[in-house]
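1. quick one, structure for this:
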Amino acid sequence: MSPELHLPARGLLFDNDGVLVDSEVSVAASWSRWADVHGLDPAGVTGMVHGRRAVDTVALLVPADRRTEAAELIDRFELEDVAGVTAVPGALDLVAGLPAAVWAVVTSGTRALAGARLATAGLPQPTVFVTAEDVAAGKPHPQGYAAAAAALGLDPAQALVLEDSPSGVAAGLAAGCAVLGIGERALETPAPVVVRDLVGARWTGDGLALPAEAVLRAPRDHG
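-> Now for the predicted structure:
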């Protein structure tokens, strides 16, 4: 067997959707309902929401005088559709054993929605939780990841970001963090290391160990 791939870090900064929880079905249902209400193409809308705060997506699609109401509606729909959310394979085994002081969640979702999705998936709530309400600018802006690293008492260079979307990977890199891509979508990003999911991933105390069979992309000198 090939050796494990070890990524050094003193803390782990997780995106939520697509990294810890699989919310694809829920997101599609909620945003399709929302698109229908606003006379928009559901497929076009759902194709542009991943990795963005809801308020930022709404701002792209709805006139300024209707944005507050439209944002409140999608917040309600997403909470109503949370039942179908599940944990990404391997996520529970990894985060359940992490000390509270070494991990955080940085999400484009609201605190209520992100917390509900974690709870529905059976995952613990982080002590450090940076959500849509906590930042002036969403991903790909680095503010969220920089804030989470600081809350853990870390320099960004000491933190490993786990992300699946182009905007999230860009945010982690811009913050000065190392970035691990999760899932095949991340192969379309500049994340230097990409894994299929979190199955077999384990915290070593000084970083994250990844089983060779999960690695989709790695530095050329690995192995």
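2. ok, so what distance separates Glu133 from Pro219?
-> With the distance defined as CB to CB, to the nearest Å, Glu133 ends up 37 Å from Pro219. C-beta coordinates here come from the backbone N, C-alpha and C atoms, glycine included.
3. what does Arg66 give?
-> Taking CB to CB as the measure, Arg66 and Pro219 are separated by 48 Å.
4. and the pLDDT for Gly223?
-> Note on Gly223: pLDDT of 44.
5. neighbour-wise, which of Arg66 and Pro219 wins?
-> When neighbours are counted by other CB atoms under 10 Å, Arg66 comes out ahead of the other of Arg66 and Pro219, with 13 against 9.
6. ok, now which ones touch Ala151?
-> Taking CB atoms under 8 Å, 6 or more residues apart in numbering as the definition of contact, the neighbours of Ala151 are Ala104, Val128, Val130.
7. tell me the pLDDT of the first one.
-> To tie it back to what came earlier, the one meant is Ala104. You'll see Ala104 listed with a pLDDT of 98.
8. repeat that for Ala101.
-> In this model, Ala101 is scored at 96, pLDDT.
9. pretty sure it sits in a helix.
-> Yes. Residue state for Ala101 (DSSP: H, G, I helix; E, B strand; the rest coil) corresponds to a helix.
10. how deep is the closest residue to it other than its chain neighbours tucked in, by neighbour count?
-> Spatial nearest neighbour of Ala101, excluding adjacent residues (CB to CB, 6 or more residues apart in numbering): Leu152 at 6.7 Å. By the measure other CB under 10 Å, the count of residues near Leu152 is 20.
11. ranges for the helices of this protein?
-> 24-37, 42-46, 54-61, 67-80, 91-96, 111-120, 143-151, 166-174 (DSSP state H).
12. if I look at the residue nearest to Ala114 when sequence neighbours are not counted, how far off is Ala171?
-> Setting aside the residues directly before and after it, Ala114 is nearest to Thr107 in space (CB to CB, 6+ apart), at 4.6 Å. Computed with CB to CB, the distance linking Thr107 and Ala171 is 11 Å.
13. want to throw the helices of the chain into CSV with distance to Val199?
-> Converted to CSV, those look like this (distance: least, CB to CB, whole Å):
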stretch, distance to Val199
helix 24-37, 18
helix 42-46, 27
helix 54-61, 30
helix 67-80, 27
helix 91-96, 8
helix 111-120, 19
helix 143-151, 24
helix 166-174, 20
